[in-house]
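Enquirer: Just to be clear, the model below is a prediction. Sequence and coordinates:
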Amino acid sequence: MKKQNVRTLSLIVCTFTYLLIGAAVFDALESETEIRRKQALDSIEGIILNKYNISTDDYRLIETIVLKSEPHKAGQQWKFAGAFYFATTVLTTIGYGHSTPNTKSGKLFTMFYAMVGIPLGLVMFQSIGEQLNKFSSVVIRQAKRALGCKRTEATEINLIFVVSFLSSLTIAGGATAFSTYEGWTYFDSVYYCFVTLTTIGFGDMVALQKNNTLNDKLEYVAFTLIFILFGLAVVAASLDLLVLRFVTMNTEDERRDEAEALQAAQGAVRLEGDVITSHGSVSSLPMGSAAAAGGSGRGRGSSSPADNASVCTCTCTRSRSRNDGYRSGDSPPYASGSVYGVGTGRGVGVGSGGDRDDGDDGCSGDDDDDEDDDGTCEPQDIQLDTFYDGRGAASTSADPYSCRQRVVQTQQQQRQQQQQQQQQQQQLQQLQNEHRSSI
């Protein structure tokens, strides 16, 4: 989650920085030209007013008439051909503004039409973009096989290159046609194609808007509509690759964060009950206390008492008798049995025969007469329930079975944790496979 928050904040900062840079550049490039054009227009306006003795109000009226009559040069905008062109600009969110509804019913229908049409158009172009990427993947694989490449799969770089090439080819071809039919320069035609296919749609340059084109040149109208729809599909394919990559990165980060949080939560094993401290006093372990679980080895767990904030161990011992040749004061023998440890440090250790005897009988405070000689670890042999306080000090609990019960619970939780980690890894792998198959 922290990584996602950092990425989101970084995107916000980068976007606003990009806006500031763009504003500064546009100011430097366009502001002086705007002032000069305004001065030239004012000068021409004064010349016309003086030459023809027209009042200011009449001039404004003429100006309005000229502006309002401009769209009608293309023919009837609201006949079927013109209406289809308008509907296309609504559904694709281009919105040139070359023609707009004037009636209340037309404006109301435009709003409801856009509410349904815009999502429909986005889904359609997204689907076409995905299919185009799949087709490009097939073409790339076939080309690599024909060239004898060892790795024939289509990578994201290959797809981005192919789709970018198609986008450039579409813009170049469209610019050639529009420069021929509209009388624009090739540069202006490229500009129009780019503004259209990115759905910016400034409206300063709009095709099909002169010489009664909507009524007299239906083949050119059809070409323009096909160009817009096909070009938007190609651009959608490019955006699909970029957006899909970003969404996949976010999803992978979310899954990874969830897995880490779950691992941290399940890596903590709660110890409940009374524990005898090194001072000999009985204290109840708080519910919020936890012990990390993991590891195995000999002795009282795989981690030393100094590595743990606290360690609870229990020992199943089979003590040796004095008749075996050991006397009090000799080096204490190893007890046969198992050692269990639960700790807040490095974890649980389960070993066999790893604990040294605390005395010549191997049992704390017990008589040698209570021991078994059959080589098995009986319940009564589980006699040590020791709590390490992290300083190496230890004391014995009154309940010899509580520690082993905790160890069993800890081992069960370890197995559950491992299963959940495996499931999370499988989910991440499935997500990556879906991402590769979509490409």
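Expert: Good, I have the coordinates.
Enquirer: how about low-confidence regions in this structure?
Expert: Scanning the chain with the threshold set as pLDDT under 70 gives 1, 244-254, 263-411, 435-439.
Enquirer: just checking, what's the longest helix in this protein?
Expert: Using DSSP state H, we find that the single longest helix of the chain is helix 2-52.
Enquirer: Which strands or helices does it pack on?
Expert: Where contact means 3 or more CB pairs under 8 Å, 6 or more residues apart in numbering; DSSP states H and E, helix 2-52 is packed against helix 56-69, helix 218-266. (Each C-beta comes from the backbone N, C-alpha and C, glycine too.)
Enquirer: Just say which of those helices is most tucked in.
Expert: helix 218-266 (a mean of 16; mean count of other CB atoms under 10 Å).
Enquirer: phi, psi of Asn53?
Expert: phi 50, psi 50 (degrees, to the nearest 10).
Enquirer: Identify whichever of the helices and strands packed on helix 2-52 lies nearest to Gly97.
Expert: helix 56-69 (12.2 Å; CB to CB).
Enquirer: Tell me what angle that closest one forms with helix 2-52.
Expert: Angle, helix 56-69 to helix 2-52, by axes from the mean of the first three to the mean of the last three CA atoms, to 10 degrees: 130 degrees.
Enquirer: does Gln209 count as helix, strand or coil?
Expert: The local conformation at Gln209, judged by DSSP: H, G, I helix; E, B strand; the rest coil, is coil.
Enquirer: Leaving out sequence neighbours, find the closest residue to it.
Expert: Spatial nearest neighbour of Gln209, excluding adjacent residues (CB to CB, 6 or more residues apart in numbering): Ala74 at 4.5 Å.
Enquirer: those helices in the chain, which residues are they?
Expert: Under DSSP H, the chain gives helices at 2-52, 56-69, 80-91, 104-147, 156-182, 186-197, 213-216, 218-266, 402-438.
Enquirer: Let me know which of the ones you listed is tucked in deepest.
Expert: Comparing the helices of the chain by mean neighbour count (mean count of other CB under 10 Å), helix 186-197 comes out on top with a mean of 19.
Enquirer: Now do the contacts for the residue nearest to Gln209.
Expert: Contacts for Ala74 (CB atoms under 8 Å, 6 or more residues apart in numbering) come out as 82, 208-214.
Enquirer: Let me know the closest of these to Val235.
Expert: Taking CB to CB as the measure, Leu208 is the one of the contacts of Ala74 closest to Val235, at 20.6 Å.
Enquirer: Tell me, domain by domain, which residues of the protein belong where.
Expert: Domain assignment for the chain by automatic domain parsing gives 74-255, 272-423.
Enquirer: Contact partners for Pro170?
Expert: For residue 170 the amino acid is Thr, not Pro. If a contact means CB under 8 Å, 6+ apart, then Thr170 has 193, 197, 227, 230-231, 234 as its contacts.
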